[in-house]
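Asker: need coordinates for the following:
(one chain, ligands or ions: 1)
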Amino acid sequence: MQIFKEKEALKSTLEGLRSDGKIIGLVPTMGALHEGHFSLVKRAALECDRVVVSIFVNPTQFDNPEDLEKYPRTLEKDLELLQQAEENLIVFVPTANELYGQAVVSEHFNFGGLEKVMEGRYRNGHFDGVGTVIKLLFETIRPHKAFFGEKDFQQLQIIRKLSENLQLPVEIVGCPILREDSGLARSSRNERLSEQHREKAAFIYQTLLKSRELFGTKSAEYITQWVKEQFKNHPFLKLEYFEIANTKTLQTINHKTKGNQYRAFIAAYAGDVRLIDNMPLNN
Ligand code: PAF
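Answerer: Numbering: from 1, shown residues only. Reported below is the predicted structural model:
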């Protein structure tokens with residue numbers, strides 16, 4: 001495993017690999033690695049000759065300083081686990097100034113409305129921060145393929161749009177959500193849940209399953225009201241949003257139209273930990 005802290009050294013190593021015709025894969029992460037990340041790394045290793053894993057807690061995508069401060073940082077353990085997970089990985093661990101230069105600020109993007117709904121509505125500037133860091137990583141690493149989990153489905157669609165807008169020659173690969181035995185979507189944030197909240201948070205998954213079942217016979221409006229009711233008096237979870245949206249445009253729907261794909265999206269707090277999840281409702 002090779003570890004790089006500096007862009008220039010990484011770039012020249014990757015340049016050599018590219019000129020030898022190697023396919024380069026990128027798995028961008030913010031560390032605190034879990035099974036979800038390793039599934040991305042394994043998929044990347046199957047599809048690419050060399051895999052770069054970046055570990056960088058990106059300050060510009062946090063609108064809440066407390067959330068940034070509390071974000072789990074477990075670099076030594078992450079490196080150990082990566083070493084065991086896959087041979088020959090390249091790990092990129094830049095500082096903020098190394099990656100951004102002197103001004104650690106977001107660029108402003110127009111993602112055609114994808115950025116305005118759900119996470120974009122509740123986390124001010126979040127997708128400008130994500131877009132900025134992904135653009136910097138793509139420019140530095142110039143991967144042939146980049147791998148993202150579907151847990152952050154809105155992020156995945158936005159990164160697809162970003163690479164289309166920038167006309168970058170990178171294939172964006174979306175990978176299925178990995179879940180704990182209870183159904184709770186794997187997330188670095190799960191580490192911050194109390195035992196009780198972790199157990200109760202499986203309710204988020206159960207609600208999505210039930211919504212999918214209802215979607216066959218009930219309207220989007222009915223299901224949304226039903227979900228709100230379920231959370232209303234929940235002693236451990238606080239619903240931030242539940243939406244049924246078109247999978248491509250991410251806009252909330254009032255009516256289903258034949259031939260379109262839909263997903264349910266949810267964000268809820270378990271104590272002070274914010275969790276998100278989503279599920280396709282039809283195929
Ligand atoms: O999904 C994440 O962990 C982050 O948003 C990403 C894509 C690594 C950008 O910082």
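
Asker: strands of the stretch 151-283 of the chain, start to end?
Answerer: Secondary structure of the stretch 151-283 of the chain (DSSP state E, counting those that start in this stretch): strands located at 171-175, 237-246, 262-270, 273-280.

Asker: can you lay out these as TSV showing distance to the ligand and mean neighbour count?
Answerer: Where C-beta positions appear, they are placed from N, C-alpha and C, glycine not excepted. Converted to TSV, the strands of the stretch 151-283 of the chain look like this (distance: least, C-beta to the nearest ligand atom, whole Å; neighbours: other C-beta atoms under 10 Å):
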stretch	distance to the ligand	mean neighbour count
strand 171-175	11	17
strand 237-246	18	18
strand 262-270	15	21
strand 273-280	11	20
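
Asker: make CSV from those strands and add mean pLDDT to it.
Answerer: Output for those, formatted as CSV (pLDDT from 0 to 100):
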stretch, mean pLDDT
strand 171-175, 98
strand 237-246, 98
strand 262-270, 98
strand 273-280, 97
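
Asker: nearest to E69, of these?
Answerer: E69 sits nearest to strand 273-280 of all those, at 13.8 Å, using C-beta to C-beta.

Asker: what's the closest of the strands of the stretch 151-283 of the chain to N58?
Answerer: N58 sits nearest to strand 273-280 of all the strands of the stretch 151-283 of the chain, at 16.4 Å, using C-beta to C-beta.

Asker: from the chain's centre, how far out does that closest one sit?
Answerer: How far strand 273-280 lies from its chain's middle: 10 Å, per C-alpha atoms, centre = their mean, to the nearest Å.

Asker: need the contact partners of it.
Answerer: 67, 119, 150-153, 177, 184-185, 187, 189-190, 192-193, 197, 201, 204-205, 208-209, 211-212, 240, 247, 261-269 (C-beta atoms under 8 Å, 6 or more residues apart in numbering).

Asker: restricted to helices, list those residues.
Answerer: 67, 119, 153, 197, 204-205, 208-209, 211-212 (DSSP state H).

Asker: which of these are buried?
Answerer: Neighbour-count burial within the ones in helices among the contacts of strand 273-280 applies to 119, 153, 197, 204-205, 208, 211-212; the criterion is 16 or more other C-beta atoms under 10 Å.

Asker: quick one: distance of the helix or strand bottoming out on mean pLDDT in the chain to the chain centre.
Answerer: Lowest on mean pLDDT, DSSP states H and E among the helices and strands of the chain sits helix 65-70, with a mean of 93. Here helix 65-70 is found 18 Å from its chain centre; the criterion is C-alpha atoms, centre = their mean.

Asker: same deal with stretch 184-192?
Answerer: Mean C-alpha position of stretch 184-192 versus that of the full chain (C-alpha atoms, centre = their mean) differs by 12 Å.

Asker: quick revisit: can I get the buried ones among the ones in helices among the contacts of strand 273-280 in CSV with distance to L168 and pLDDT?
Answerer: Conversion of these to CSV gives the following (distance: C-beta to C-beta, whole Å; pLDDT from 0 to 100):
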residue, distance to L168, pLDDT
E119, 22, 97
F153, 20, 98
H197, 39, 98
I204, 34, 98
Y205, 34, 98
L208, 32, 98
S211, 35, 98
R212, 34, 98
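
Asker: tell me the SS of G25?
Answerer: On the three-state scheme (DSSP: H, G, I helix; E, B strand; the rest coil), G25 is labelled strand.

Asker: distance of it from the ligand?
Answerer: The spacing between G25 and the ligand, counted by C-beta to the nearest ligand atom, to the nearest Å, is 14 Å.

Asker: next one: phi and psi at K5?
Answerer: Backbone dihedrals for K5, given as degrees, to the nearest 10, come out at phi -110, psi -20.

Asker: ignore the last one, S39
Answerer: Backbone dihedrals for S39, given as degrees, to the nearest 10, come out at phi -70, psi -30.

Asker: mind checking how far the nearest residue to it once chain neighbours are set aside is from E47?
Answerer: Spatial nearest neighbour of S39, chain neighbours left out: L178 (5.4 Å); criterion: C-beta to C-beta, 6 or more residues apart in numbering. Distance check for L178 against E47: by C-beta to C-beta, to the nearest Å, it reads 18 Å.

Asker: look at these two and report which has more neighbours.
Answerer: Just comparing L178 and E47: by other C-beta atoms under 10 Å the higher neighbour count belongs to L178, 18 against 15.
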